[in-house]
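>>> What shape does this take:
(2 chains)
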2 protein chains.
Amino acid sequence: MRTVTVALGSRSYPILIGEGALSKLGRQCTSAALGKRCAVITDTHVGPLFGSSALESLRKSGFDPVQITVPAGEKSKSLDVVSKCYDLMAAHRLERTAFVVALGGGVVGDLAGFVAATYLRGIAFVQVPTTLLAQVDSSVGGKVGVNLKAGKNLVGAFHQPRLVLCDLRTLSTLPDREFRAGLAEVIKYGVIFDAAFFEKLESNLPSLLRKSPKLLAEVVARCCEIKAEVVGQDETETGLRAILNFGHTIGHAIEAVFRYGAYLHGEAISIGQVAAAMLSSRMSTFPAADVERVRRLFEHVGLPTQITLGDSQWKKLEAAMRLDKKVSGGAVKFVLSERLGAASWGHPVPWDRVRAVLCETHGPSRPDPSGKQRLTKLFNSQAIRPQSSRTRRP
Amino acid sequence: MRTVTVALGSRSYPILIGEGALSKLGRQCTSAALGKRCAVITDTHVGPLFGSSALESLRKSGFDPVQITVPAGEKSKSLDVVSKCYDLMAAHRLERTAFVVALGGGVVGDLAGFVAATYLRGIAFVQVPTTLLAQVDSSVGGKVGVNLKAGKNLVGAFHQPRLVLCDLRTLSTLPDREFRAGLAEVIKYGVIFDAAFFEKLESNLPSLLRKSPKLLAEVVARCCEIKAEVVGQDETETGLRAILNFGHTIGHAIEAVFRYGAYLHGEAISIGQVAAAMLSSRMSTFPAADVERVRRLFEHVGLPTQITLGDSQWKKLEAAMRLDKKVSGGAVKFVLSERLGAASWGHPVPWDRVRAVLCETHGPSRPDPSGKQRLTKLFNSQAIRPQSSRTRRP
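Have a look, this model is predicted:
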């Protein structure tokens, strides 16, 4: 097994990555000095596949687990489901020393993490992500929460897990569409943080799509390393961590417009990242040729890179973007990339420019020589320049 | 105005205490460098009395407040009401830079604090407690949360306010029963932390019950100082902070049995504290004569010190005590006092002894010479002895 450490002082924790890691869940929970009783929160898809393995491993190590199964799907990321989890945990008399195991994808991790963050004012929790998206992104870093009708992730907390266990074998049962959607977050790390990793993905895509175990282990571990590095520098997103939202402002708004139904998160941020790359080319120094590389990689993965909307949908998209948590003083702030492998945050982008790149007919993107000039103007009108991802926070 | 500081490093904050402090709310929020927009969460009792003063003060200092009014009473400390607050705040487009003002008693403070702790993963909040209980206890220290059907405060967070503003004038409109109930927490500080303060309360009770402004200011400030001292040493209740629960294990259970209807919190912990004093006398070194002083002080305030229960209620009381957050490994742990002005936590007390003190006919408490021996036995069977309130955590 590979181990990546998220360094957060007394709240540091390991991410363990390997084939068959699930069978070591009990032993790892013992190493993490967790209490005896726990709630394994899972969903109706993952529970039947891996619930009994998880419970068996925990029992073998002397833990006393109860399983809580929620309906599969984004709709479970709601206060109603949170409330039902609390009630079940109280009915099982789970005390402060108990912990929560989140066994599932991003929805289960976010939901169960929020339950753990707030039950009895916070108990320990362990992430066992079973989707690619959850393994490379949502299970690491302590962001937990649920959706409101008004928008995604509008309620939540920062609550770091005590342990993350990524069993690569769970990815073999993942529907192909979800695996590809997970690759959208993988590609993101290349674009915003590691150009060599981006190139590796370009060169080895067929092998990755075949889920080659060795390559998959390398890729998941590298993504976790990058996320751990960013989170270690900026746990609560006062700065650098915002670069992880590359493509997400548009992506979240697309999900909201389609009520979390038509697009998977990875599909929505695939469209969002291509748009963000185009904006980066027009408003910063991102090379137009690299916009094409980014678009092509998403296309080769089989992810959508464009969207067609009706008039009322455009209005909803704009409204949803304005409700994004990254809005400040009414201005929608974007993460832009200056070059492959680097990104910076806090760029105000006017709505008409967002709409322009989303509307644009696909094909080789045309460099916009006026873009940089406009960016300079925007910066000069601000007190503080957006910071680079290479800058450590003070 | 008097100022007490809660020292928590970068999260330190002032408690401001004085007559007419509410009119300075806006100015103090400016000093605390809070964002422009805010939600003033209040209830149907307090809103009509002080809502417009609060909003006016905020507007005068350039803030843009919206008022959210919840039904008065413990029932508003529920996930349903939390959910409605989120929806209203999202509808008003409150962003991360916005803050919450909790204007009301303990229910409003706990509810609004939990909303602030979780909306957009946590925004700033200000406590403006308008009851004695909230001013001396619940508004200070960052414990926020709501009730489940299964028990009180079972869901919550630690989220420190940026500022606490105690306007003593708000106490003049407080129903007499609630003012007396608040004195139960005031007396607690004397019992567990400050014998001289206990004596001062004994000597000046008539003047305190008349709400003498000078004495009230002194008393509220001293309670806040003690709470600030305890919270500053142990923010998240890993040790010392537990002494603040003196009388609360029984008190919370009484509230649960009567579904938060028949007894106010202060009344329930009045019974709980007298019982805890009796247990302290039998199982520790607390002088029997001081049990009588404690009982007499509560009685002179007009608070209940005994309870009569039917068979099914005894069973419910035991069940509720076992669900208390302070339960560990199935054993109910108590805070006991060795002498007036000192307390220690983590004492396992068997249910039959709890029932015995609650059943006992009132009158001079009889010292139980066998008590200390039994306590010693209990301690010897434990790896760790309970710690004293004078011990600082490592």
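>>> helices or strands up against the biggest helix by length in chain A?
Determined from DSSP state H, the single longest helix within chain A is helix A:213-233. Helix A:213-233 sits against strand A:2-6, strand A:13-18, strand A:163-167, helix A:176-193, helix A:195-209, with contacts defined as 3 or more Cβ pairs under 8 Å, 6 or more residues apart in numbering or on different chains; DSSP states H and E. The way it works is simple: take the backbone N, C-alpha and C, and place the C-beta from them, glycine included.
>>> List the buried residues of the first one.
In this case it means strand A:2-6. Neighbour counts over strand A:2-6 (16 or more other Cβ atoms under 10 Å in any protein chain shown) mark A:2, A:4, A:6 as buried.
>>> Can you tell me, leaving aside adjacent residues, what's nearest to the last one?
Okay, so that is residue A:6. Computed as Cβ to Cβ, 6 or more residues apart in numbering or on different chains, the closest residue to residue A:6 that is not its neighbour in sequence is residue A:228, at 4.4 Å.
>>> Report how many residues lie close to the one you found.
Around residue A:228 sit 22 other residues, with neighbours defined as other Cβ atoms under 10 Å in any protein chain shown.
>>> got the contact list for it?
Neighbouring residues of residue A:228 by Cβ atoms under 8 Å, 6 or more residues apart in numbering or on different chains: A:4-7, A:15, A:140.
>>> Provide the secondary structure category for the nearest residue to residue A:40 once chain neighbours are set aside.
Nearest residue to residue A:40 in three dimensions, chain neighbours excluded: residue A:101, at 4.5 Å (Cβ to Cβ, 6+ apart). For residue A:101, the assignment made with DSSP: H, G, I helix; E, B strand; the rest coil gives strand.
>>> Run through the bridge partners of residue A:101.
On the basis of DSSP bridges, residue A:101 is bridged to residue A:40, residue A:126.
>>> does it really touch residue A:37, like I thought?
No - using Cβ atoms under 8 Å, residue A:101 is not in contact with residue A:37, being 11.2 Å away.
>>> After the helix or strand containing residue A:296, which helix or strand is next?
Under the criterion of DSSP states H and E, residue A:296 resides in helix A:288-301. Using DSSP H and E, the next helix or strand after helix A:288-301 towards the C-terminus is helix A:311-322.
>>> Just the buried residues of that next one, please?
In helix A:311-322, counting by 16+ other Cβ under 10 Å, buried: A:316-318, A:320-321.
>>> got the phi/psi numbers for residue A:70?
phi -110, psi 160 (degrees, to the nearest 10).
>>> For it, the count of nearby residues, please.
Neighbours of residue A:70 using other Cβ under 10 Å come to 23.
>>> With distance to residue A:119 added, can I get the buried residues of helix A:311-322 in a markdown table?
Shown next, in a markdown table, are those (distance: Cβ to Cβ, whole Å):
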| residue | distance to residue A:119 |
| --- | --- |
| A:316 | 35 |
| A:317 | 36 |
| A:318 | 37 |
| A:320 | 30 |
| A:321 | 33 |
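>>> From those, pick the one nearest residue A:60.
Proximity of those to residue A:60 (Cβ to Cβ) peaks at residue A:320, which lies at 46.5 Å.
>>> Hmm, residue A:256 and that closest one touching each other?
Yes - Residue A:320 is within contact range of residue A:256, at 4.0 Å (criterion: Cβ under 8 Å).
>>> intersection of neighbour lists for these two?
residue A:151.
>>> which of residue A:101 and residue A:37 has more neighbours?
residue A:101 (31 against 19).
>>> What is the burial count for the residue lying closest to residue A:204 once chain neighbours are set aside?
Nearest non-adjacent residue to residue A:204, counting by Cβ to Cβ, 6+ apart: residue A:215, 6.0 Å away. Neighbourhood size, residue A:215 [other Cβ under 10 Å]: 16.
>>> and the residue of the stretch 151-300 of chain A nearest chain B?
The nearest approach of the stretch 151-300 of chain A to chain B comes at residue A:156, 4.5 Å away (Cβ to the nearest Cβ).
>>> My reading is that that residue lies in a helix. Confirm?
No - under three-state DSSP, residue A:156 sits outside any helix and is assigned strand.
>>> Can you report how many residues lie near it?
Neighbours of residue A:156 using other Cβ under 10 Å come to 25.
>>> ok, now residue A:258?
By the criterion of other Cβ under 10 Å, residue A:258 has 17 neighbours.
>>> confidence score at it?
Confidence at residue A:258, expressed as pLDDT, is 88.
>>> can you tell me which residues contact residue A:307?
Residue A:307 touches A:254, A:271, A:358, counting by Cβ under 8 Å, 6+ apart.
>>> what would those residues look like in a markdown table with neighbour count?
As requested, the contacts of residue A:307 are exported to a markdown table (neighbours: other Cβ atoms under 10 Å in any protein chain shown):
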| residue | neighbour count |
| --- | --- |
| A:254 | 27 |
| A:271 | 22 |
| A:358 | 21 |
